[in-house]
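Asks: the following block contains a protein sequence and its predicted model.
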Amino acid sequence: MMLRYALKTVRARKAGFLGAFLALMCAAALITACGTLLETGLHGTIRTERYAAAPVVVSADQNVHRTIVKHKKGKTKLKHKAKPIAERAWLPAGLAQTLAGTPGVARVIPELTFLAEPLTATGTGGRTSYGHAWESAALTPYRLTTGTAPKTPTDVVIDRDLAGRAHLALGDRLTIQSTQAPRTYRVSGIAVPATAVRHQTPLFFATAEARRLAAHPGQVTAFGLVPEPGTDPGRLREAVAAALHGTSAQVSTGNDRGPVEFLDAAAARTKLVSMGGAMGGTSLLVAVLVVVGTFSLSVQQRLRELALLRAIAATSGQIRRLLGWEALVVGAAAGTAGALAGLPLGGWLYGRFLALGAVPATLRHTAGVLPPLAAVAATLFGAWAAARIASRRVARIRPTQALAEARTEDAPLAWGRVLAGLLLLAGGAALVALLSVLRTEPASTPVTFLAVVVLSTSVALLGPLLVRTATRLLAGPLRLTGPGGRLATANLRGNAVRMASVVTPLTLLIGMTCTVLFVQPTLGDAARAQAGEGVRADWVVASRGPGVPAEAARRLRAHHDVVTEVVRTTVRVGLDKYAAQGVTPAGLTHTWDPGVTAGSLAGLTEHTAAVSELAADQLHLKPGSTLKITLGDGTPATLTVVAVYARGLGFGDLTLAHDLIARHVDNPLASAVLVGTERTRTRLAHTLSEFPGLTVLSPGAADSLQAQRQQANAEVNLLAMGLVLAFTAIAVVNTLAMSISARIREFALLRLAGATRRQVLRMLRTEALSVLLLAAVLGSTMALAVLTSFSIGMTGRAAPAVTPLVYTTVIAGAGLLALVASALPGRTALRVRPVTVATAKE
């Protein structure tokens, strides 16, 4: 029965439900798009390319494992956890004998994968380039179309794609930057793959040369196994796993070979799960807040109709059920439309992440049925919950009181609403306080945005009180603006509930936008300031390619320059991830000062480490303490702490010896070389003229280059939250349009009382600017509190990086939205003849 009434109501009041429909549809689209990112991270396919002819691949375990013992209620539980390592793990080459002796194995093909980038004018066409031994060409397989296999150390075989792009022919010379100094090779052959290889550029060397460049003596990247004819790959996998039991090797078949080949895609899965979950959670919270406000406005606009239903004996339960069914009808339609729109939106978002380099092309976008279904379910629940919340008061008050309140909004707020608002305000304040003690970005970022949403929710609940308070403060200035100002004051005072529904999304938009825009600059500025204070070098050598080779540093040392090579990686202490750097210990204090607060850098060797104050606090370390870490490639190391330093944000949490780090990373080239010298830039550049792609910069210029790289990373975060901000902006326009479109009768009566169209429009502009002022104060206060607390926790200083021009642009943008969303429906409403509206039946 109620469903039939709800359908009739929705059909008869399409315009009234349009705003709720748009809000729910946008919410469903946003949740679906975030859901596809999450599903891509969980189930996205990484298909193999170079291992196409090897049904079974043996590789090293790419995770660090820990078994956690938990005691609960007298019972002991063991929980196994694994976290991925940052670099490629290697296998002992001696395992080839064990594999060759496994029944069903016809051939064992060792694989070496290492850094090798051709230095050509056209580059690699956006593909990642790797070096391999020619013997591993059989894994794809590659076959020669011209020339011969590499036989001498200076021979190289390239693929046909690189040959065409760089205009290389047989016998041409090609300079390649590998893990060693750049070297010029002769193109001895051009090969083509039997299957498509779209995401990488292979360079094949003679076996001895490949082993030299790989720089892992006695180790291989992986083994490809070719089964004997008639052998099932699944059974062979089981046999190989049994033969390798007790080793760190893992056996892969089918699509599981892809993550072995493309480590960056496997790491991107974890990033997408984290990003999709964070975006989806924030989107859901924002959507619920916006939808509740939209439904509250819709119910308030129908207050007279609902009051009449109460007056003709409709019970509170019937009113609640009616509104609930209406919400479900609108939610079902909006959720379905939004879920369908969210699928291409998710594809577009994935494409943008791909263009920014946050996701590799080897990880395929996955869009199943689960995200749209989850979006529809979330939309239905959100609509139903919003209707229940919005209908609580109208369903519980007496019919005569409801009829009276339909004529005026000057009704006191329910004490329950005020109490809930105060509790959420206290909760938001607690989150802000928590931010001041969180000192890692993964921990503080979710709390940052959650605090803004919680505080905005408290504004939604306490909004009418805030509007009435602001009206009292603005009454004097508004009266000075003329009749429009006086009318606006009366409307703000008498329609506080309606105006509060507009203030909430505007506050959320301003607060969230400022937080998103200024979080990364706050962190980046502090990091660059620490790095700028700590670099004592006269010059910094940087590279436009993969890095600065060690041979370049040796050339500089030959001229008696003080040279510090810096190579970066990520290590794990237990399961926790820490940014680490390797630096050359000799002469370190002449070029680098991390602000040592305990101990001394003089004791830095391959068996010792320096740690930041943050890491020392988290791991309970001090000079003389033992530190057990897992290096980037999974190798365990036990070190002694010799120093604690203050500038961890600028230089990373762990500092180790350069040679220790360089042996355990995929790219051992220095990310930067700090040079202390009396020589000029020109003389340094002349010394390094044999090394393509190197440039000599002042420390300030190097700092600017680092800032540009950080800006590129910040663009990913801005894009991630951009959809949430866009949804909030749509909600602002939607709510304002709904609020003004329902005031046609009010405008007609004002016109009949003598007000001109210009005066009514001026009244609307004054109302919009007043609401904007209140939202700007509230949103800016929230953002400033959150950013200040974030800055204290992350940098130790209450100095958020707020750019005045950017902030002014945010407020101006919000103001433009508010004015346009007020003027357009206002002008439309004023086109109707006042006499027609005034004499129409309600």
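Replies: All right, it came through fine.

Asks: helix, strand or coil for Pro521?
Replies: What DSSP: H, G, I helix; E, B strand; the rest coil gives for Pro521 is helix.

Asks: does it touch Tyr807 like I think?
Replies: No: Pro521 lies out of contact with Tyr807 (C-beta atoms under 8 Å); the separation is 11.5 Å. In short, each C-beta sits where N, CA and C put it, glycine included.

Asks: run through the strands of the stretch 401-550 of the chain in chain order.
Replies: 539-543 (DSSP state E, counting those that start in this stretch).

Asks: which stretches in it count as helices?
Replies: 415-435, 441-479, 483-494, 496-534, 550-558 (DSSP state H, counting those that start in this stretch).

Asks: for Gly813, find the nearest of those.
Replies: Distance to Gly813, taken as C-beta to C-beta, is lowest for helix 496-534 among the helices of the stretch 401-550 of the chain, at 8.1 Å.

Asks: for that closest one, packing partners?
Replies: Counting contacts by 3 or more C-beta pairs under 8 Å, 6 or more residues apart in numbering; DSSP states H and E, helix 496-534 packs against helix 263-301, helix 441-479, helix 648-651, helix 699-741, helix 757-795, helix 804-830.

Asks: and that helix with helix 441-479, angle?
Replies: Interaxial angle of helix 496-534 relative to helix 441-479 (axes from the mean of the first three to the mean of the last three C-alpha atoms, to 10 degrees): 130 degrees.

Asks: mind listing what's buried in helix 496-534?
Replies: By 16 or more other C-beta atoms under 10 Å, the buried positions in helix 496-534 come out as 496-531, 534.

Asks: pLDDT (mean, whole number) over it?
Replies: Average pLDDT, helix 496-534: 84.

Asks: please parse this protein into its domains.
Replies: 1-46+262-407, 56-81+89-229, 410-530+705-842, 545-692 (automatic domain parsing).

Asks: please state the offset of the first one from the chain centre?
Replies: The one in question is domain 1-46+262-407. Distance, stretch centre to chain centre, for domain 1-46+262-407: 23 Å (C-alpha atoms, centre = their mean, to the nearest Å).

Asks: same check on the shortest one?
Replies: Once both centres are worked out by C-alpha atoms, centre = their mean, domain 545-692 turns out to sit 28 Å from its chain's centre.

Asks: kindly check the end-to-end length of it for me.
Replies: 9 Å (C-alpha to C-alpha, to the nearest Å).

Asks: now Pro55, nearest residue through space, not along the chain?
Replies: Using C-beta to C-beta, 6 or more residues apart in numbering and skipping residues adjacent in sequence, the residue nearest Pro55 is Pro233, 3.9 Å away.

Asks: in this structure that neighbour contacts Val226, no?
Replies: No: here Pro233 does not reach Val226: they are 10.3 Å apart, not a contact under C-beta under 8 Å.

Asks: which of the two has more neighbours?
Replies: Set Pro233 next to Val226 and count neighbours by other C-beta atoms under 10 Å: Val226 wins out with 19 against 15.

Asks: quick one: that one from Pro692, how far?
Replies: 39 Å (C-beta to C-beta, to the nearest Å).

Asks: again with Thr146
Replies: Counting by C-beta to C-beta, the separation of Thr146 from Pro692 is 27 Å.

Asks: ok, now Ala460?
Replies: For Ala460 relative to Pro692 (C-beta to C-beta), the value is 59 Å.

Asks: do Leu473 as well
Replies: In terms of C-beta to C-beta, Leu473 sits 66 Å off from Pro692.

Asks: number of nearby residues for Ala116?
Replies: By other C-beta under 10 Å, the burial measure for Ala116, its neighbour count, is 26.

Asks: quick one: secondary structure of Pro150?
Replies: Secondary structure assignment for Pro150 (three-state DSSP): coil.

Asks: next one: phi and psi at it?
Replies: Dihedral angles of Pro150 (phi, psi; degrees, to the nearest 10) stand at phi -70, psi 130.

Asks: pLDDT value on it, please?
Replies: Looking at Pro150, its pLDDT reads 96.

Asks: the nearest residue to it once chain neighbours are set aside: how many residues sit nearby?
Replies: Using C-beta to C-beta, 6+ apart and skipping the chain neighbours, the partner closest in space to Pro150 is Ala206 (4.3 Å). Neighbours of Ala206 under the rule other C-beta under 10 Å: 22.

Asks: what separation do you get for Ala206 and Thr152?
Replies: Taken as C-beta to C-beta, the span from Ala206 to Thr152 is 6 Å.

Asks: now Gly826
Replies: 81 Å.

Asks: out of these two, which sits in the more crowded spot?
Replies: Each of Gly826 and Thr152 has its neighbours counted (other C-beta under 10 Å); Gly826 has more, 23 against 12.

Asks: how much space between the more buried one and Leu764?
Replies: Gly826 is 5 Å from Leu764, by C-beta to C-beta.

Asks: shared neighbours, those two?
Replies: Common neighbours of Gly826 and Leu764, counting by C-beta atoms under 8 Å, 6 or more residues apart in numbering, are Ile740.

Asks: phi and psi next, for the residue nearest to Pro150.
Replies: Dihedral angles for Ala206 - degrees, to the nearest 10 - are phi -60, psi 150.

Asks: quick one: mean pLDDT over the helix or strand where Leu373 lies.
Replies: Per DSSP states H and E: Leu373 is located in helix 370-396. Throughout helix 370-396, pLDDT has a mean value of 80.

Asks: what's that helix packed up against?
Replies: Secondary-structure packing of helix 370-396 (3+ C-beta pairs under 8 Å, 6+ apart): helix 14-43, helix 263-301, helix 303-311, helix 316-356.

Asks: go through those helices and name the closest to Met738.
Replies: helix 14-43 (3.8 Å).

Asks: residues near Ala82, how many?
Replies: Neighbours of Ala82 (other C-beta under 10 Å): 11.

Asks: ok, now Arg66?
Replies: Other residues close to Arg66 by other C-beta under 10 Å number 14.

Asks: so Val108 sits against Ala96, correct?
Replies: Yes: the pair Val108 / Ala96 is scored as a contact, 5.1 Å apart, by C-beta under 8 Å.

Asks: between the two, which contacts overlap?
Replies: Residues touching both Val108 and Ala96 (C-beta under 8 Å, 6+ apart) are Phe223.

Asks: which residues do Pro233 and Val226 both contact?
Replies: Joint contacts of Pro233 and Val226 (C-beta under 8 Å, 6+ apart) are Pro55.

Asks: end-to-end on stretch 543-563?
Replies: 16 Å.

Asks: next, the buried residues of it.
Replies: The neighbour-count check on stretch 543-563 (16+ other C-beta under 10 Å) flags 543, 545-550, 552-553, 555-556, 561-563 as buried.

Asks: where is pLDDT lowest across these?
Replies: The member of the buried residues of stretch 543-563 with the lowest pLDDT is Gly545, and it reads 84.

Asks: give me the phi and psi for it.
Replies: phi -110, psi -140.

Asks: what's the neighbour count on the closest residue in space to it that isn't next to it in sequence?
Replies: Excluding the flanking residues, the one nearest Gly545 by C-beta to C-beta, 6+ apart is Gly693, at 4.1 Å. Gly693 has 16 neighbouring residues, counting by other C-beta under 10 Å.

Asks: Gly693 against Arg544, yeah?
Replies: Yes: assessed by C-beta under 8 Å, Gly693 is found in contact with Arg544 at 4.4 Å.

Asks: next one: Pro150 from Arg183, what distance?
Replies: From Pro150 to Arg183 the distance is 13 Å (C-beta to C-beta).

Asks: the two: which is more packed in?
Replies: Each of Pro150 and Arg183 has its neighbours counted (other C-beta under 10 Å); Pro150 has more, 25 against 16.

Asks: of the buried residues of stretch 543-563, which is the nearest to Val437?
Replies: Of those, the one sitting nearest to Val437 (C-beta to C-beta) turns out to be Gly547, at 36.9 Å.

Asks: just checking, the closest one touches Ala662?
Replies: No: the criterion here is C-beta under 8 Å, and Gly547 misses it with Ala662 at 10.4 Å.

Asks: shared neighbours, these two?
Replies: Listed contacts common to Gly547 and Ala662 are Val567; contacts here mean C-beta under 8 Å, 6+ apart.
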